[in-house]
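Colleague: Next one to model:
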Amino acid sequence: MTGAGDMRARYRRITRFAARYLVQAWWFELFLPRLGLSWYSARGRTKRLTRIAKNFHVLAVDLGGLMIKVGQFMSSRLDVLPPEITKSLEGLQDEVPAVDFAAIRTSAEAELGVPLERAYAWVDETPLAAASLGQAHRAILLPRDAEETGLTAVVVKIQRPGIDQIVDVDLRALRKVGGWLSRVRLVSDRVDMPALVEEFAATSLEEIDYLHEAANAERFAADFAGDDRVAVPDVVWERTTRRVLTLQDVTAIKLTDVAALRAAGIDPSEVASQFAAVMFDQLFADGFFHADPHPGNIFVTLRPDPAPDQRPWFFTFIDFGMMGEVPESLRRGLRRLIISAASRDGKGLVDGIRDVGVLLPSADTSELERAMTQLFARFGGMGFAELQEVDPREFRAFAIEFGDVVRSLPFQLPENFLLIIRAMSLVSGNCSALHPSFNIWDSIEPYANRLIREEGGNVVQEFAKQAVTVAGVVARLPQRIDDLATRIDEGRISVETPKLDRRVARLERMGGRIVSAILFAALLIGGILLRVDDLVFGTVMMSVSLLPLLAALFSGRRI
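Modeller: Just a heads-up that it's a prediction; the model follows:
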């Protein structure tokens, strides 16, 4: 059993790691840009992020627990994170250190109430897989259990000893970090970090309850009953408790094992498109979805005797500890997003974002709609590989303009959205790993067309609502014209003046130069004075004074 001292040390190690890199992020991403040194911050960003990723990899492997979950999420973002970062973390998917079998045996026997020899005919001491919260071992059922269940080969999933304490400490540390982030206005204006941490906590506590996972597996199987694309292992309830889970052994080809897929005569690009379609069904049709679809949790299984019109393989999902639900109201908003994205409809996409609750109702979205329309016009329909060939300067110019628009809007991350984002991130990463030139549009467009057909009645209703809205606008038009004339008489009309805004921006930069110059003088003089009593600290202050000096000099070139 892990001691209290070890738990305190674990807590301090997590919070110190977070504090160190939060301060670093504040310095490079917030403070230096205010001094006009954005170019300096951007120049070393990739190296900094790579160093953080490598250091976090060491921390996660050493500590295990929920830190592995955080790393797994980041390692799946092949579509948006630089390869240096994902490569630093990819080992967390499958290389979690295993617990010694003697400790696992003790834990399992205490939970089952009998020696392992009386629970199973054989248990492999070498783990089949080691995860952050438990590990899996192949086993063979006793003859009487095999006769009752119709199964012989099984996989026994056993929780790591003391995992309850570890999860509790990790959640306390994450709550602390979430509290720090909630005090950063840039974060708090858009994300309720404490609420997100609590959502993650609820999911994690469900994940260490194997009875809950077993029930999830059966519900997932019921959702896909009759669908020959998906299979789920049977649960051996006679050998399942809160900390021990026994399932049918369904080990097959790992989802992203491209070499094994090709050796079996399976086209990886077809696997990618079908996998995206299956996940879309879970999110937008069933509303009950696998929230941890990383490659270790999905197998591609060859069908023993496929029918002539049947695909010779199917997906087998395992590990149902992390599942999510999408309420019907949210599903409607997500469907609208899919349809708008497929039709390159910038305004419809913004309306869908508002429907799902990511954008507050008070937001003025005219600029966002314009930016989304430009985004679709230039990059719509491009796959991941095609986007990599676009001139980086073009991306950078668009990102600056688009980023300014997004930062000006009141975004928030609604509850139960964390798992949706995680699932879709993993889907995107897996599909890119299967087929580097995979184009997500190829999966979205046919799915969107199906949604349009299924919601034909709703589309007619939408047209009717729009007709009523137009009629209402026409009816109110005389009154609005009269109101406009009144506001002109009273001098209450506001006009946008882009040239004036640019002049104001120049004045603001000039003010920034003055502040930088004052800060330079203060640091330099303070360093000279302190250097008499404290050589090191005084020298540091004098060196740091060069930063605002450079800001004052270089920012003048933009005026």
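
Colleague: for Leu321, what are its contacts?
Modeller: One correction, residue 321 is Gly, not Leu. Contact partners of Gly321, counting by Cβ atoms under 8 Å, 6 or more residues apart in numbering, are Leu133, Glu206, Glu207, Ile208, Tyr210, His212, Glu213, Asn216, Asp292. Yep, even glycine has a C-beta here, placed from its N, CA and C like the rest.

Colleague: Let me know whether the third one touches Met322 as I believe.
Modeller: Yes - applying Cβ atoms under 8 Å as the test, Glu207 and Met322 come out as touching, 5.4 Å apart.

Colleague: which helices and strands sit right next to whichever strand or helix holds Ser41?
Modeller: Using DSSP states H and E, Ser41 sits in helix 38-43. In this structure, helix 38-43 packs against helix 32-34, with contacts taken as 3 or more Cβ pairs under 8 Å, 6 or more residues apart in numbering; DSSP states H and E.

Colleague: just the strands in the chain please.
Modeller: 120-123, 129-130, 134-141, 153-159, 230-231, 244-248, 253-254, 288-290, 298-302, 313-317, 323-325 (DSSP state E).

Colleague: Not counting its own residues, what contacts the third one?
Modeller: The list of residues contacting strand 134-141 from outside it, by Cβ under 8 Å, 6+ apart, reads 98-99, 101, 104, 120-130, 146, 149, 151-160, 163, 208, 236, 239, 246, 249.

Colleague: re earlier: can you list the buried residues in the helix holding Ser41?
Modeller: Residues of helix 38-43 classed as buried by neighbour count (16 or more other Cβ atoms under 10 Å): Tyr40, Ser41.

Colleague: Pull the residues that contact it.
Modeller: Contact partners of helix 38-43, identified using Cβ under 8 Å, 6+ apart, comprise Phe28, Glu29, Leu32, Pro33.

Colleague: Next, find the distance separating the last one from Leu181.
Modeller: So the one you mean is Pro33. 19 Å (Cβ to Cβ, to the nearest Å).

Colleague: Which one of these two is surrounded by more residues?
Modeller: Using other Cβ atoms under 10 Å as the criterion, Pro33 and Leu181 rank with Leu181 on top: 18 against 15.

Colleague: so how far is Pro161 from the more buried one?
Modeller: Applying Cβ to Cβ, the value for Leu181 to Pro161 is 32 Å.

Colleague: picking up where we left off before, what's the least confident stretch among the strands of the chain?
Modeller: In terms of average pLDDT, strand 129-130 trails the rest of the strands of the chain, at a mean of 85.

Colleague: Could you count how many residues lie near Leu233?
Modeller: Quick fix: residue 233 reads Pro, not Leu. Pro233: 22 neighbours (other Cβ under 10 Å).

Colleague: who's in contact with it?
Modeller: Val155, Ala217, Leu247, Gln248, Asp249, Val250, Thr316, Ile318.

Colleague: Roughly how far does it sit from Gln159?
Modeller: The value you get for Pro233 to Gln159, if Cβ to Cβ is used, is 18 Å.

Colleague: How many neighbouring residues does Gly5 have?
Modeller: 8.

Colleague: before we move on, what about Asp257?
Modeller: Going by other Cβ under 10 Å, the residues that sit close to Asp257 add up to 18.

Colleague: Renumber starting at 113 from here on
Modeller: Yes, from this point I'll number from 113; that puts the last item at Asp369.

Colleague: can you pull the contacts of it?
Modeller: Here Asp369 is in contact with Pro407 (Cβ under 8 Å, 6+ apart).
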